[in-house]
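Participant: Below is the structure, and that's it, no one-letter string:
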């Protein structure tokens, strides 16, 4: 197999070992995707049937790229039959096939996060609870935690620790919300993302014959990003590989950063205990970054006690040290970063898309965006509103969902009165109450309103009947009509298209384009099915595919030349020539919520490690001495994590270098800075302080003691330029003397014209 010659020795050993369980510890940029791809090709070349190989990833994008690479090595016809995809897509496929065994139909709906929150909001409202206490996002994360740990509603009710924690969090009725939520999903023939894993475990637990069928089907199991698996995923994989133990997992414990989603680092740390005969392979050569970046990241992560030790190295050029930028305020930070990006464009010939800004929290993007707009730097927010989350698209898809599954409560509520058909919230609430009273779906009530004594007048009953009949007509075509033709008919008949053509406003034009783009996507989906040899592409199949898309899969702007702004969590798996890690301050990074235990703190350090290792050539770290938050300026210290990096790999600001360049003296330095600048700025300022410095000498005029300081010229000539700590750079319009005090009228551009007494102004004259 000549293609194995393309691998280094460590990669080749990991690929060729197929006799039992194996763990491949893949350092950042070490080619883990390459190893997975080549291992699959190796198994196929060795005679294994493609349908007996299960490869699990965390994004459809990763699965698609791997499948394309495998197809290039073994042929598209062979690669087509691999079981390759995300955990959720693969197990939703199994669940659709086995749905009746767990009480669902094969066309069950998959609720996305918005659907889930909408249902939670409804339940909280119906129970007359305070939605400021039972916040939908908080409730959703609580239910997700339970499902990822395979805790059913009944088990939740019986778990004293969980109930006690809920009481402490002032949400004692969480157990009831969970039970109602699950019942409503079941009545709606719907599962949320977490259910796809929970119900797969339920399926295998309650149906041993079904489990054996899939154990025999999958002769080899491969898992990507194993450090990100939660308990539910861990158990499914363990069960599937239980008989033959032909399993290979790839991951990096140093990049385990998703505990808030339920990921458990112990899964990778304890792999050897789970599989006693496991072989461990380490991929330690980094092909992405310079030696300096790799060594800096190594020195950082070395401070973590819980890790599988490895020595990552690079054979690329040494590269420049990581530049640490110190600024006065977060406002200034945005302009410092913007100016550095402008420099990179011209000095390094970088494109905007070669550059990423990484931050700990989404709220940090605002000051960056403001600075970029003023510098005319194009940018995009990664993980923003995806195509399939736009209102008009969600409306159309809600029609598709209801037509494929009439019990889908969230889809029904979304489009029952869209476009407007005179069915208001009062009627919808009556339908919901009636369905709950009789423990049936809303559609069951709608099918026989007299039987369930729905309290609506004749006019409303007629409108409901017309809507029901329209949906029924389409539902009869779901299993026979191709997806594109049916979708086209739906958007025309329901009035969605005509609603977007009510006027020619930019908003409606955008909606029209988006709906047409959706229809185009459905057409392409059908064409791909035909090219794959399938006679017809059905609408439920299209819904099953798009319901599992991630931000990476729907990012339409990824190829445009723009600077990327994103959280560090979102950046994992990506790489850029230059990376700016901003806001590296205590109380921000590490997050103040993650410093209560060593385990949490180590995950924050791993998060910083991930940020650094996204950089190929240049890495910048910035921190502000003050940050405007909650209406006031808060002083801050540099993050403790900067101290964790060996200083030989850093280009430190002069101001924080003590005489002996001991980084440990930072805290003392920052206290000095705190006192020095206290009171000097009460809101974000210093925008202009980072503009390119003029070579001309600065002359101080004025002081806090009221004594004018001058070296050459005591006056401020009209037309001269000055710099003010708050207002920035301005031009002197006029000077005068008032009661013996010199006064100047100064135009500060966007900040306006200010009248300042020179003895208090602390101006710097740009001579």
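Facilitator: Arrived safely. This one's a predicted model, so the numbers in the text were calculated from it and none came from an experiment.

Participant: could you point out where the chain is predicted with low confidence?
Facilitator: 1, 384-386, 503-506, 549-559, 629-632, 654-715, 726, 739, 750-751, 767 (pLDDT under 70).

Participant: Starting from the longest strand seen in it, tell me which strands it pairs with and how they run.
Facilitator: Criterion DSSP state E: the longest strand present in the chain is strand 615-629. Strand 615-629 has these partner strands in its sheet, going by DSSP bridges: strand 322-329 (parallel), strand 576-581 (parallel), strand 632-635 (antiparallel).

Participant: how near is the residue most central in space within the chain to residue 540?
Facilitator: For the chain, the residue nearest the mean C-alpha position is residue 570 (4.2 Å; CA atoms, centre = their mean). To residue 540, residue 570 is 31 Å away according to CB to CB, to the nearest Å. For glycine as for every other residue, the C-beta is placed from the backbone atoms N, C-alpha and C.

Participant: and the nearest residue to the residue nearest to the centre of the chain once chain neighbours are set aside, how many neighbours?
Facilitator: Nearest non-adjacent residue to residue 570, counting by CB to CB, 6 or more residues apart in numbering: residue 383, 4.8 Å away. Around residue 383 there are 18 other residues, counting by other CB atoms under 10 Å.

Participant: out of the strands paired with strand 615-629, deepest packed?
Facilitator: Highest mean neighbour count of those: strand 576-581, a mean of 24 (counted as mean count of other CB atoms under 10 Å).

Participant: Flag every buried residue along the next helix or strand after that one.
Facilitator: Once strand 576-581 ends, the next helix or strand along the chain (criterion: DSSP states H and E) is helix 598-612. By neighbour count on 16 or more other CB atoms under 10 Å, the buried set for helix 598-612 is 601, 602, 603, 604, 605, 606, 607, 608, 609, 610, 611, 612.

Participant: isn't the fourth one right up against residue 589?
Facilitator: The one in question is residue 604. Yes - between residue 604 and residue 589 there is a contact at 7.2 Å, judged by CB atoms under 8 Å.

Participant: which residues are common contacts for these two?
Facilitator: Residues touching both residue 604 and residue 589 (CB atoms under 8 Å, 6 or more residues apart in numbering) are residue 641.

Participant: tell me the contacts of residue 542?
Facilitator: Residue 542 neighbours (CB under 8 Å, 6+ apart): 400, 483, 487, 522, 525.

Participant: now those residues as JSON lines including neighbour count?
Facilitator: Putting these into JSON lines (neighbours: other CB atoms under 10 Å) gives the following:
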{"residue": "400", "neighbour count": "26"}
{"residue": "483", "neighbour count": "22"}
{"residue": "487", "neighbour count": "27"}
{"residue": "522", "neighbour count": "22"}
{"residue": "525", "neighbour count": "18"}
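
Participant: which element is the residue lying closest to residue 229 once chain neighbours are set aside on?
Facilitator: Residue nearest to residue 229 in three dimensions, not counting chain neighbours: residue 267, with 5.0 Å by CB to CB, 6+ apart. Taking DSSP H and E as the definition, residue 267 sits inside helix 266-269.

Participant: Now do that helix: distance to the chain's middle.
Facilitator: 23 Å (CA atoms, centre = their mean, to the nearest Å).

Participant: buried residues in that helix?
Facilitator: Across helix 266-269, burial judged by 16+ other CB under 10 Å covers 266, 267, 268.

Participant: Could you do stretch 214-232 as well?
Facilitator: Buried-residue list, stretch 214-232, by 16+ other CB under 10 Å: 214-215, 218-232.

Participant: hang on, the earlier thing: report the angle between the longest strand of the chain and helix 598-612.
Facilitator: 120 degrees (axes from the mean of the first three to the mean of the last three CA atoms, to 10 degrees).

Participant: Adjust the sequence numbering to begin at 225 for everything that follows.
Facilitator: Done: numbering now begins at 225, and the last item shifts to strand 839-853.

Participant: distance between strand 839-853 and the chain's centre?
Facilitator: 20 Å.

Participant: Equivalent analysis for stretch 701-721, please.
Facilitator: 33 Å.

Participant: Run through who's touching that stretch.
Facilitator: For stretch 701-721, using CB under 8 Å, 6+ apart, the contacting residues are 331, 616, 619-620, 623-624, 627-628, 639, 642-643, 694, 698, 722, 736, 739, 742-743, 746-747, 749-750, 760-766.

Participant: Just the helices from the stretch 275-424 of the chain, written as ranges.
Facilitator: Listed in chain order, the helices of the stretch 275-424 of the chain (DSSP state H, counting those that start in this stretch) span residues 284-298, 300-303, 311-322, 337-350, 360-372, 377-381, 384-392, 398-411, 417-430.

Participant: could I get the ones you listed as a markdown table with mean neighbour count?
Facilitator: Listed next are the helices of the stretch 275-424 of the chain as a markdown table, based on neighbours: other CB under 10 Å:
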| stretch | mean neighbour count |
| --- | --- |
| helix 284-298 | 18 |
| helix 300-303 | 15 |
| helix 311-322 | 20 |
| helix 337-350 | 18 |
| helix 360-372 | 19 |
| helix 377-381 | 16 |
| helix 384-392 | 12 |
| helix 398-411 | 19 |
| helix 417-430 | 20 |
